[in-house]
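Participant: What shape does this take:
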Amino acid sequence: MTDGRANLTATHPDASRPAGYAQLAKAVLYREYLVFVRYPANAIGGIVISVFFFGLLFYGGRMLAGRALTDSIEGIIVGYFLWTLSVGAYSSISNDIGSEVQWGTLERHVMTPFGFAPVAFLKGVAKVVRTFITSAVVLAVMLLVTGTTLQLNVLTVVVIAGLSIASVLGLGFAAGGVTVLYKRVGNWLNLLQFGFIVLISAPAFDVGWLRFLPLAQGSALLQRAMIDGTRLWEFPIPDLAILAGVAVGYVLLGYLVFQYATRRARRLGVLGDY
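Facilitator: As a prediction, the model looks like this:
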């Protein structure tokens, strides 16, 4: 028995070492990949629904507004692209935790050596990566349907969009904590998704303090990047600093709310109840 264990250690030198966050991130990303590949109907269905609603917005709006909609179609496409990313980032944690609560598998996350919060956060990041892929497909279809051309510098779009939805990921983190504590609050949490439309439209109001809300600053910069062709290094440093500060601030705020809610759920003994 001892020789077998020694041979196992010699063959796999990392077998006796505790897994680190790199291994956790790899496992979570691989899990998300398997879910995407093994359940393609669900993934394709999400893309079809997003394209369908944009079709209603575009063709219905063109019938009602005519030329006015055509003149602003680039802004609508960019805003809708950011909205699909935002919904995916927000629901990535809150909906996933809600499902874990219903399935009765939430305790497995709590019992991991990494802690509940890091596992939930990395699962959210993995879903955001998947959302980027599906939203890119939706964007391509929108450009094809409308015959519109945008400036798509990959580095600029990924960095600005990533920082923009990081703040929404923080909101999803907080919503996940509320879900752990109160279980079925999905109807209330889903209302916030419609509020994202207002936040994405915030730059049009030209009010300075709105830039410190989630998505507002990112929406303004993404419009300039994808419509005007402004590159990442061409933006003023203060604008990028606000974008990064808002992203970090809301992620930390969401983390604190998540930690408080899960600790309270433990004290009340309702962590695994449903």
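Participant: Please, where are all the helices along the stretch 101-250 of the chain?
Facilitator: 106-110, 116-146, 154-182, 186-200, 216-227, 237-268 (DSSP state H, counting those that start in this stretch).
Participant: Flag every buried residue along the last one.
Facilitator: In this case it means helix 237-268. Of all the residues in helix 237-268, those buried under the rule 16 or more other C-beta atoms under 10 Å are 240, 242-243, 246-247, 250-251, 254-255, 257-258, 261-262, 265. Glycine gets a C-beta too; all of them are placed from N, C-alpha and C.
Participant: Same check on the second one?
Facilitator: Buried residues in helix 116-146, counted by 16+ other C-beta under 10 Å: 116-132, 134-136, 138-139, 141-143, 146.
Participant: so where's this protein uncertain?
Facilitator: 1-19, 61-71, 98, 101-110, 183-187, 204-205, 207, 269-274 (pLDDT under 70).
Participant: which residue ends up closest to the midpoint of it in space?
Facilitator: Ala89 (1.5 Å; C-alpha atoms, centre = their mean).
Participant: Okay, that residue and Leu57: tell me how far apart.
Facilitator: 21 Å (C-beta to C-beta, to the nearest Å).
Participant: on that earlier part again, and the helices of the stretch 101-250 of the chain as TSV, adding distance to Gly79?
Facilitator: Output for those, formatted as TSV (distance: least, C-beta to C-beta, whole Å):
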stretch	distance to Gly79
helix 106-110	34
helix 116-146	11
helix 154-182	11
helix 186-200	5
helix 216-227	7
helix 237-268	17
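Participant: which residues does the closest residue to Leu199 other than its chain neighbours contact?
Facilitator: With C-beta to C-beta, 6 or more residues apart in numbering as the criterion, Leu199 has its nearest non-adjacent residue at 4.1 Å, and that residue is Leu215. Neighbour list for Leu215: Leu82, Ser86, Ser164, Ile165, Ser167, Val168, Phe196, Leu199, Ile200, Ala202 [criterion: C-beta atoms under 8 Å, 6 or more residues apart in numbering].
Participant: how many neighbours does the last one have?
Facilitator: Same thing as Ala202. 20 (other C-beta atoms under 10 Å).
Participant: I'd say Ile197 and Trp83 touch.
Facilitator: Yes. Ile197 is within contact range of Trp83, at 6.4 Å (criterion: C-beta atoms under 8 Å).
Participant: Neighbour count for those two, which is higher?
Facilitator: Trp83 (23 against 14).
Participant: residue contacts, that one?
Facilitator: So, once contact is read as C-beta under 8 Å, 6+ apart, Trp83 ends up touching Phe196, Ile197, Ile200.
Participant: could you redo the last one with a cut-off of 10 Å?
Facilitator: By C-beta atoms under 10 Å, 6 or more residues apart in numbering, the residues touching Trp83 are 50, 53-54, 135, 193-194, 196-197, 199-201, 215, 219.
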